[in-house]
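Enquirer: no sequence on this one, just coordinates:
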Ligand SMILES: Nc1ncnc2c1ncn2[C@@H]1O[C@H](COP(=O)(O)OP(=O)(O)OP(=O)(O)O)[C@@H](O)[C@H]1O
Ligand SMILES: [Mg+2]
């Protein structure tokens, strides 16, 4: 059995690598875009006027209340109805980006609001303007605070990326299904998939811990 | 050194219905050190915060070097100046807070350098030199690379003083800067302020340290219920207190 497994593994190694690449590419892009959007939404939540706050709040609450899978299916199957056609890959990245943006927005709002008022007052008192205060005083402190939660979101996004196999993006899970369809080594290749996901997520967590230590406030 | 640095007239401030300042008039000339004493809730902090434009106020005029700050009056109509101007006006004064409020993610030197670089657009080198100069001046020549969390309260407060004064303000505002400190750390901070007084820095100091107020001030102001209830030389206030309120207040403080 095990010789069979290693044989099959050797034969399908390129497929697996492509699957891993796709998983990392999708997750990375989604987290990157999601973080950028999330920072702006988080800013709107924290400093916006009543209207921007309302819309930002609605966005965050709705997205956080919808399962990632429903988000993916909606963007892929429902948006074409209003003439927005995404490829499966685009739909996958978009939905995961939207998912992570809501998480990032909420954690950033929390992080910013946790910073003592004295910090912004001291920044004002030395003559820093609003955006300078944000960039040099509040954001650096908020980012340190939200780093663990952000790492968590990155991991959730990687895990969520399995779901885009359902709309046909050939990432790790779908690759494994294809391989299993050919050789019926169900247990071995799903175990392998689990191991690969674990290694990716574990590396992200370790990396996060490392950065956390590096930038910790003394 | 007798030009008028600060001129406050008929300052009124309320939070909603709650009147906190009821018409405060106060002048400071260059080099003046004026201490403000008074019981809790009398509006001392609020007064300083108005001068630093951290609070809006409903009535009155605050002038620094003869120019109104925070508001403009044209054709009898009073309006707030724009945010950019508020930021500029605020930079005329330096404020030191009870709770230090150092930026915890920056070293002591970086705390001082930040505004020098970003507000005054000085080079990194020049900012570092200024920071070092003021760190030496407050007695912390070799703590520039320490982070706030690695400094004692007294050291943190001295860095905060250095950070404010390095911006070269016209006027320094101190709000109970020793109240959060352990007793044995109070004097090192008061000594720094005294030395600034000797050098001719114009200062408005809210304090509960009566002996310090007595020693350092040219004039002492006693605030009560949002007005200046009493003012005079340190001797007049501390040695010859006449009004009942002031006598009662002083009885409850240690000298
Ligand atoms: N942000 C605020 N909103 C509402 N009321 C406030 C606010 N800040 C201060 N006050 C009120 O204004 C009054 C004056 O407060 P202030 O802090 O100026 O007093 P203080 O003289 O500095 O007292 P202390 O000696 O305790 O520091 C108090 O009654 C206080 O409750
Ligand atoms: Mg006070």
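Expert: Cool, the structure landed. Computed from a prediction, not measured in an experiment: that's the story for all the values here. Ligands and ions are numbered 1, 2, ... in the order given.
Enquirer: May I have the phi/psi pair for residue B:175?
Expert: When read as degrees, to the nearest 10, the backbone of residue B:175 gives phi -110, psi 100.
Enquirer: Give the residue spans of chain A that score low on pLDDT.
Expert: Residues of chain A that meet the criterion pLDDT under 70 lie in A:1-3.
Enquirer: Could you do the stretch 1-150 of chain B as well?
Expert: Scanning the stretch 1-150 of chain B for pLDDT under 70 picks out B:1-2.
Enquirer: tell me which parts of it are close to chain A?
Expert: Residues of the stretch 1-150 of chain B lying near chain A by C-beta under 8 Å from any C-beta of the partner chain: B:52, B:54, B:83-84, B:87-88, B:90-91, B:93-95, B:97, B:99, B:101-105, B:114-115, B:118-120, B:147, B:149-150. Every residue, glycine included, has its C-beta placed from N, CA and C.
Enquirer: quick one: which of these sit in helices?
Expert: B:83, B:84, B:87, B:88, B:90, B:114, B:115, B:118 (DSSP state H).
Enquirer: what's the neighbour count on the fifth one?
Expert: Read that as residue B:90. In terms of burial, residue B:90 registers 23 neighbours under the definition other C-beta atoms under 10 Å in any protein chain shown.
Enquirer: Tell me the residues of chain A that contact chain B?
Expert: Near chain B, when you scan chain A using C-beta under 8 Å from any C-beta, you find A:116, A:118-119, A:121-130, A:132, A:136-137, A:140-141, A:144, A:217-218.
Enquirer: what about residue B:59, how many neighbours?
Expert: What residue B:59 shows, counting by other C-beta under 10 Å, is a neighbour count of 15.
Enquirer: Quick check: it touching residue B:12?
Expert: Yes: look at residue B:59 against residue B:12 with C-beta atoms under 8 Å: they come within range, at 3.8 Å.
Enquirer: Show the contacting residues for the residue nearest to residue B:130 when sequence neighbours are not counted.
Expert: The shortest distance from residue B:130 to any residue other than its chain neighbours is 5.4 Å, reached at residue B:166 (C-beta to C-beta, 6 or more residues apart in numbering or on different chains). With contact set as C-beta atoms under 8 Å, 6 or more residues apart in numbering or on different chains, residue B:166 has these partners: B:112, B:115, B:116, B:130, B:131, B:133, B:134.
Enquirer: Redo these as CSV? Include neighbour count and secondary structure.
Expert: Output for the contacts of residue B:166, formatted as CSV (neighbours: other C-beta atoms under 10 Å in any protein chain shown; DSSP: H, G, I helix; E, B strand; the rest coil):
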residue, neighbour count, secondary structure
B:112, 30, helix
B:115, 24, helix
B:116, 24, helix
B:130, 20, helix
B:131, 24, helix
B:133, 13, helix
B:134, 20, helix
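Enquirer: Pick out whichever of the residues you listed sits closest to chain A.
Expert: If you rank the contacts of residue B:166 by distance to chain A using C-beta to the nearest C-beta, residue B:115 comes first, at 3.8 Å.
Enquirer: you'd agree residue A:190 is up against residue A:179?
Expert: No: with contact defined as C-beta under 8 Å, residue A:190 and residue A:179 do not form a contacting pair (10.1 Å).
Enquirer: in the strand or helix carrying residue A:90, what counts as buried?
Expert: Counting by DSSP states H and E, the element that carries residue A:90 is helix A:88-114. The neighbour-count criterion (16 or more other C-beta atoms under 10 Å in any protein chain shown) identifies A:88-89, A:91-112 as the buried residues of helix A:88-114.
Enquirer: for stretch A:121-134, how far is the first residue from the last?
Expert: Between the opening and closing residues of stretch A:121-134 lies a distance of 12 Å (C-alpha to C-alpha, to the nearest Å).
Enquirer: Let me see the contact set for residue B:170.
Expert: Residue B:170 makes contact with B:5, B:6, B:64, B:65, B:92, B:93, B:202 under the criterion C-beta under 8 Å, 6+ apart.
Enquirer: Which residue, other than its chain neighbours, is closest to residue 109?
Expert: In the absence of a named chain, chain A is used. Once chain neighbours are set aside, the closest to residue A:109 by C-beta to C-beta, 6+ apart is residue A:45, at 4.3 Å.
Enquirer: my question was about chain B
Expert: Distances taken as C-beta to C-beta, 6+ apart put residue B:144 closest to residue B:109, at 3.6 Å, once the chain neighbours are dropped.
Enquirer: how about that neighbour, secondary structure?
Expert: Per DSSP: H, G, I helix; E, B strand; the rest coil, the local secondary structure of residue B:144 is coil.
Enquirer: I'd say it and residue B:133 touch.
Expert: No: counting by C-beta under 8 Å, residue B:144 stays clear of residue B:133, with 10.8 Å between them.
Enquirer: Overlap of the contact sets of those two?
Expert: Common contact partners of residue B:144 and residue B:133 (C-beta under 8 Å, 6+ apart): none.
Enquirer: if we can go back for a sec, among the residues of the stretch 1-150 of chain B next to chain A, which ones lie close to ligand 1?
Expert: Counting by C-beta under 6 Å from any ligand atom, nothing from the residues of the stretch 1-150 of chain B next to chain A sits close to ligand 1.
Enquirer: Just the buried residues out of these, in ChimeraX syntax.
Expert: Isolation of the buried members of the residues of the stretch 1-150 of chain B next to chain A (16+ other C-beta under 10 Å) is achieved in ChimeraX through the command below:
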select /B:52,54,87,88,90,91,93,94,95,97,99,101,102,103,104,105,114,115,118,119,120,147
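Enquirer: Where does chain A get nearest to ligand 1, residue-wise?
Expert: Residue nearest to ligand 1 within chain A (C-beta to the nearest ligand atom): residue A:117, separated by 9.9 Å.
Enquirer: contacting residues for that residue?
Expert: The neighbours of residue A:117, taking C-beta under 8 Å, 6+ apart as the test, come to nothing; the list is empty.
Enquirer: What are the phi and psi values at it?
Expert: Backbone torsions for residue A:117, taken as degrees, to the nearest 10, come to phi -60, psi -30.
Enquirer: got it, and residue B:10?
Expert: Note on residue B:10: backbone dihedrals following degrees, to the nearest 10 are phi 50, psi 50.
Enquirer: If you tally nearby residues, what's the number for the nearest residue in space to it that is not next to it in sequence?
Expert: On the basis of C-beta to C-beta, 6+ apart, the spatially nearest residue to residue B:10 that is not a chain neighbour turns out to be residue B:60, at 4.5 Å. Residues near residue B:60, counting by other C-beta under 10 Å, number 18.
Enquirer: That concludes my questions; thank you for your assistance.
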